[in-house]
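Could you look at this predicted model? Sequence included:
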Amino acid sequence: MSTRNLLLYGTIEPPSLLRAFAAGPLQFLLDGGNVRSITWRGREVLRAISFIVRDSRWGTYAPAMSEVELDESTDRITIAYAATIDAAEGDFSFDARIEATADGTLTFEANGRSSRGFTTNRTGFVVLHGADVAGADVEVEHASGGRETAAFPTLVDPDQPIFDIRSLIHAPSPGLTVAVTMEGEAYEMEDQRNWTDASYKTYVRPLSKGYPYTIAAAESVTQKVTLKVAETARGTVAATGPSSNLSIGGPAGAMPQIGLALSSWSDRPPITPSYFVGRIDLTDDSVALPVAPDAGPVDLDVLIPGRDPDAELAPLAALPWVPRRVLVVPRRDMSARPANQTPPGEARYEEILAAARRILPQSRVGGGMFVGFPELNRNRPPSGIDFVAHSTSAIVHAADDRSVMETLEALASIIATVRSFAGALPYRLGPATIGAPQGFYSAPSAANPDNIRKTTAHSDPRQRGLFAAAFALGYASEAAAGHVEALTLGCTSGAAGVVGDDDPYPVATAVQWLAAIAGRPRLATTSPDGLAAIAVAGPLGRELLVANLTPAPMTFNLVGFRRASVLDADALAEGGGPRLMATTGVVTLDSYAIWRALEG
C-alpha cells in the first residue's frame, strides 16, 4: 500500500479515512473528528462542521485523539472523543460530542481549555456551506438581536458578506429548509472561494477582535453548532442515479495556451509547453538580468519597489529578447490597508504600468497579482491593461485530498468575478499549483520536512504523484470553460515542478497532452461527477482527455473513440509512461488516472 500511495500521492502518508454514518435519511462523513458532506436523502445540505485549531501563522493543527466512543443505531448516532494539542505556542485540549438523529438534527459541541496558555489565530467551530448555494437567499439571525434576509454572494465577495451571526437558514431545494445555529460567540462569514475553497465559511471569533490572540491558562472555551433539516414536502431530491455517459457537443471556444513558470533560468524540462514565464526581482540590486533563454522568448513577471518605476524598470530595456507578456507588480502589502490605496511616497499602479509600456513598447503589459486571487479581488487593476493575471494555491485552508479536488469547483466563480471587472481582457491564470511555492506568494509558506498533506506548505507531496496530473486536467477543463487565454500549470522544477531530480512526474504527461491541443477549437462535454473531460476538434478528428478526480475507480460510457492511452498507477509501476488501452464503449479509470483518446 505504501508503494501505491507514493505513486498516487507522492507520500507514504495514507489519505484520510472517511467513515460514513446514517441516522435515517440524514447522512454524513466523519473525517478525523470533524463532520463533512452532510446530506438529506442524498442532497447535500451542508458541506462541513469542524472544530478547527490554528496556530499564529494560520497553520492547522492535527490534534491527537483519544477516548473515542461510538453509539450507533438506525436512527441515532453519537460520537464522543477527547483531543489534545501540545505545541511551541502552548497547549489546548477539548472534549467533543457529535449527535445525529433521524428527524434531521445534528449537534456538534466542544468544551476546551489550556493548562499553560495557547496562542492561536482561530480556535473554534467553522461551518461550511457548499459553493452551490451561490445567489440563494439566507435568513440571518444576528447574535446582537434581530433578523434579516441576505444572500450568499454570486460573484466572489472580497470582504465578509455577513457579520454578527447566530443562525443561518436557507433552502437547498423546494420544500427543504436547513437551519444552522451557532453558540459560544458571535460568528461571521467569509467567501472562501477567494482562496479557491468551494464554500462559504462561517467561523467563530470575528477578525475585528484581532489575531493572534491567547487563550489564557485555565480559560474555558465552550461552543456548539446545531443543524436542523426541515422537510415540508417529500420528493425534493431526484430518485434517479447519476448518469455514466460521457458526451461531446458542439463548439465551445478555444483551448488556452499552456505554460510553465521557470524555477531557474537554466531549467530545460523534457516537455514543450506553449510558453514559459520567468520572474525578475528588481527589488534586489544584486539580481542580474537573464541572458536569452534557450527555450525562446519568455513571458515575464517583474517585481519592483514601486517608488520610481521608470528608473526601476530601466534595466529591462537591455533584455536580449522581447517578452510577449509582462506583468509588473510593486512590492507592497496588499492586505494591510484599504484596497487600491497607494502608500505615501510610492507610485500609483497606473504610473507603474505606463512606465512599463515606455520601456517595453512591443510587449503586452498586464495588471494583477503574482499572489492569489484575494489580493486581486481587493486591489483590482486599472483600466488600459493588456491582460489580467493572478495565481492560485489549493491548500490555503485545507490539505486533505477531497478538499483539494473541491477547489476546482470554485474556479468558475473566480473566473466570472474577474470577468465582472476585467471584461473580455485576455486572462492569464497561474501558476496554478497545489502547494504554495515561495517564489510566487507574498506570505512565507510553511516548511514540510515530513512530506505530508499540510496547509500553506511550500512543498506538497501530491505534486510528485498521479494526483497532480488529474488535478491539472481538471483545472484546465475549468479554465477552458472560462475562456482563459493562458494557463500556467506550475513550475519547471522545484516544489511545484513537473520534473524531479531524475524523471518527469506524472503531471508532466498531463501538461504535455494539454500543450499539444493548446489553441484548438474546444468542444462542449458532459461527464459523470468525479470526472473531468476536455474535447477538441483536430485535423484527424476529435481528441478527448479525461481525468478521474477521485480515489475510487470510475466507469463511463463512450462511443467512437478506440485509440487510447492511459497513465495510471499500474502504468507508473511498470515503467512510468502511458500505456495503450483498448476501448469498447465502456472505460474504467483507476484512482486519479488520466486518459487520452483519438476518434476512429
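That came through, no problem. Numbers count the residues shown, from 1 in each chain.

just for this protein, where's the confidence low?
1, 234-242, 292-296, 333-339, 438-443 (pLDDT under 70).

May I ask you to name the longest helix in it?
helix 466-481 (DSSP state H).

Heading C-terminal from it, find the next helix or strand.
Proceeding N to C from helix 466-481, the next assigned helix or strand is strand 486-491, under DSSP states H and E.

what comes into contact with that next one?
With Cβ atoms under 8 Å, 6 or more residues apart in numbering as the test, strand 486-491 has contacts from 256-263, 273-275, 277, 325, 391, 426-433, 437, 439, 463, 468, 472, 475-476, 479, 496-498, 507, 510-511, 514. All C-beta atoms are positioned from the backbone trio N, CA, C, and that covers glycine.

try it again with 7 Å
Strand 486-491 has contacts (Cβ atoms under 7 Å, 6 or more residues apart in numbering) with 256-261, 263, 275, 277, 428-433, 437, 472, 475-476, 479, 496-498, 507, 511.

Return the subset of those residues lying in helices.
Mapping those onto helices (DSSP H) picks out A472, Y475, A476, A479, V507, V511.

Walk me through the domains of the protein.
17-231, 250-520, 528-599 (automatic domain parsing).

of all those, which lies closest to L6?
domain 250-520 (7.0 Å; Cβ to Cβ).

For the closest one, measure first residue to last.
One end of domain 250-520 to the other measures 13 Å (Cα to Cα, to the nearest Å).

How about T555, nearest residue that isn't a chain neighbour?
Sequence neighbours aside, T588 is the residue nearest to T555 in space, at 4.6 Å (criterion: Cβ to Cβ, 6 or more residues apart in numbering).

got the phi/psi numbers for the one you found?
T588 adopts backbone torsions of phi -120, psi 130, taken as degrees, to the nearest 10.

Measure how buried it is and give me the count.
The number of residues packed near T588 is 13, by other Cβ atoms under 10 Å.

ok, now how distant is I248 from L544?
I248 is 7 Å from L544, where distance means Cβ to Cβ, to the nearest Å.

cool, R113 as well?
Separation of R113 from L544 (Cβ to Cβ) stands at 56 Å.

same question, E139
According to Cβ to Cβ, E139 stands 45 Å off from L544.

Neighbour count: these two, which is higher?
Between E139 and L544, counting by other Cβ under 10 Å, L544 is the more crowded of the two (23 against 15).

Contact partners for that one?
Here L544 is in contact with A533, A535, F561, A597 (Cβ under 7 Å, 6+ apart).

That one: helix or strand, and which one exactly?
Using DSSP H and E, L544 sits in strand 541-548.

in that strand, what counts as buried?
Neighbour-count burial for strand 541-548, with 16 or more other Cβ atoms under 10 Å as criterion, is recorded at R542, E543, L544, L545, V546, A547, N548.

give me the beta-bridge partners of the first one?
According to DSSP bridges, the partner residues bridging R542 are A537.

Would you mind listing the residues in contact with the residue of the chain positioned farthest from its centre?
Seen from the C-alpha centroid of the chain, the residue lying at the greatest distance (Cα atoms, centre = their mean) is A318, 38.0 Å away. Residues near A318 by Cβ under 7 Å, 6+ apart: L289.

For it, give its distance to V291.
From A318 to V291 the distance is 11 Å (Cβ to Cβ).

what do you get for S208?
According to Cβ to Cβ, S208 stands 51 Å off from V291.

I figured W40 hits V229, correct?
Yes: with contact defined as Cβ atoms under 7 Å, W40 reaches V229; the gap is 4.8 Å.

residues shared between the contacts of the two?
Residues touching both W40 and V229 by Cβ under 7 Å, 6+ apart: L26, G104.

still on that earlier bit, return the most buried member of the domains of the chain.
Ranked by mean neighbour count, these are led by domain 250-520 with a mean of 20 (mean count of other Cβ atoms under 10 Å).

hey, what's in contact with both of I248 and L544?
Common neighbours of I248 and L544 (criterion: Cβ under 7 Å, 6+ apart): A535.

Show me the one of the domains of the chain that comes nearest G10.
The nearest among those, by Cβ to Cβ, is domain 250-520 at 3.3 Å.

now the closest one, how far from the centre of its chain.
Relative to its parent chain, domain 250-520 has a centroid offset of 15 Å by Cα atoms, centre = their mean, to the nearest Å.

Kindly report the same for stretch 525-539.
The answer for stretch 525-539 is 21 Å, by Cα atoms, centre = their mean.

can you give me the end-to-end distance of that stretch?
End to end - Cα to Cα - stretch 525-539 spans 19 Å.

Check what contacts that stretch and list those residues.
The contact list for stretch 525-539, computed with Cβ under 7 Å, 6+ apart, reads 242-244, 246-249, 255, 473-474, 476-477, 480, 517, 520-523, 542-550, 554, 556.

And stretch 472-481, by the same measure?
Stretch 472-481 is contacted by residues 255-256, 408, 411-412, 429, 432, 487, 489, 507, 510-511, 514, 522, 532-534, 545, 547, 549, 594 when judged by Cβ under 7 Å, 6+ apart.

swap in stretch 197-205?
Contacts of stretch 197-205 (Cβ under 7 Å, 6+ apart): 47, 122, 124-131, 152, 165, 168, 182, 184-185, 187-192, 223, 397, 406-407, 409-410.

Apply 6 Å and report the result again.
47, 124-131, 152, 185, 187, 189-192, 397, 406, 409-410 (Cβ atoms under 6 Å, 6 or more residues apart in numbering).

circling back to that earlier point, quick check: phi and psi on the residue farthest from the centre of the chain?
For A318, the backbone dihedrals (degrees, to the nearest 10) come out as phi -90, psi 0.

Can we start the residue count at 43 from this point?
Renumbered: residue one is now 43, and that last one reads A360.

And it, how far from L402?
A360 is 11 Å from L402, where distance means Cβ to Cβ.

try Y245
For Y245, the distance to L402 - Cβ to Cβ - is 44 Å.

on that earlier part again, verify the stated contact: the residue nearest to T597 with M596.
No: counting by Cβ atoms under 6 Å, M596 is not a contact partner of T630; they are 7.1 Å apart.

Could you verify my assumption that E190 touches E181?
No: counting by Cβ under 6 Å, E190 sits too far from E181 to count as a contact (7.7 Å).

after the strand holding L586, next one along is what?
Downstream of strand 583-590 (by DSSP H and E), the next one is strand 596-599.

Against which helices or strands is that following strand packed?
strand 628-631 (3 or more Cβ pairs under 6 Å, 6 or more residues apart in numbering; DSSP states H and E).

List just the nearest of the ones in helices among the contacts of strand 528-533 to N493.
For these, the closest approach to N493 (Cβ to Cβ) belongs to V549, at 16.8 Å.

circling back to that earlier point, just the ones in strands from the contacts of stretch 239-247, please.
Counted as lying in strands by DSSP state E, out of the contacts of stretch 239-247, are R89, G166, F167, V168, V169, L170, H171, G172, Y229, M231, E232, D233.

Tell me what the second one is bridged to.
Beta-bridge pairing of G166 under DSSP bridges involves I94.

returning to that earlier point: what's the distance between the residue nearest to T597 and G618?
With Cβ to Cβ as the criterion, T630 and G618 are 21 Å apart.

Can you check the distance spanned by stretch 187-206, start to finish?
9 Å.

Not counting it itself, show me its contacts.
Residues contacting stretch 187-206 (Cβ under 6 Å, 6+ apart): 175-186, 228, 230-233, 235-236, 242, 419-420, 455-456, 459, 462.

Swap in 7 Å and give it another go.
Contacts to stretch 187-206, defined as Cβ under 7 Å, 6+ apart, come from residues 171, 175-186, 228, 230-233, 235-236, 242, 416, 419-420, 455-456, 458-459, 462.

on that earlier part again, quick check, nearest of the ones in strands among the contacts of stretch 239-247 to S501?
V168 (25.5 Å).

List the contacts of the closest one.
Taking Cβ under 7 Å, 6+ apart as the test, what V168 contacts is S92, I94, K243, Y245.
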